[in-house]
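J.: Here is a sequence with its predicted model. Questions after.
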Amino acid sequence: MMDDIRQHPDQSEDAPPVPRARRGARRDDPVTLGLKQLWADLEKEEVPDEFLDLLDQIDRQAGLGDAE
């Protein structure tokens with residue numbers, strides 16, 4: 001278990017070691033996989049025109065709108 005605790009390069013010699021997270025060989029874990037699936041599901045959803053219009057209005061008021 002001690003092999004996953006290393007000294008951070010920016011740490012002084014006197015500082016206690018920093019524990020590192022364990023990851024699988026492919027660096028996938030249930031949380032990461034769940035977040036990736038959630039993002040994929042969100043990208044599939046339709047965005048209502050009213051919401052896009054509201055974003056455009058906010059951008060115009062903030063001076064971020066397209067120069068039309």
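T.: Great, that's in hand.
J.: What is the subsequent helix or strand relative to the helix or strand in which L33 is found?
T.: In the assignment (DSSP states H and E), L33 maps to helix 30-44. As assigned by DSSP H and E, the chain's next helix or strand after helix 30-44 is helix 49-62.
J.: Please name every helix or strand in contact with that next one.
T.: Packed against helix 49-62, as judged by 3 or more CB pairs under 8 Å, 6 or more residues apart in numbering; DSSP states H and E, are no other helices or strands. All C-beta atoms are positioned from the backbone trio N, CA, C, and that covers glycine.
J.: could you dump that helix to PDB, C-alpha only?
T.: Output in PDB follows, covering the C-alpha atoms of helix 49-62 (Å, rounded to 0.1, in the frame of the first residue of the first chain):
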ATOM      1  CA  ASP A  49     -35.300  27.800 -29.400                       C
ATOM      2  CA  GLU A  50     -36.500  30.000 -26.500                       C
ATOM      3  CA  PHE A  51     -33.400  29.100 -24.500                       C
ATOM      4  CA  LEU A  52     -31.100  29.800 -27.400                       C
ATOM      5  CA  ASP A  53     -32.800  33.200 -27.900                       C
ATOM      6  CA  LEU A  54     -32.300  34.000 -24.200                       C
ATOM      7  CA  LEU A  55     -28.600  33.200 -24.600                       C
ATOM      8  CA  ASP A  56     -28.300  35.400 -27.600                       C
ATOM      9  CA  GLN A  57     -30.100  38.200 -25.700                       C
ATOM     10  CA  ILE A  58     -27.600  37.800 -22.800                       C
ATOM     11  CA  ASP A  59     -24.700  37.900 -25.100                       C
ATOM     12  CA  ARG A  60     -25.900  41.100 -26.800                       C
ATOM     13  CA  GLN A  61     -26.400  42.800 -23.500                       C
ATOM     14  CA  ALA A  62     -22.900  41.700 -22.400                       C
END
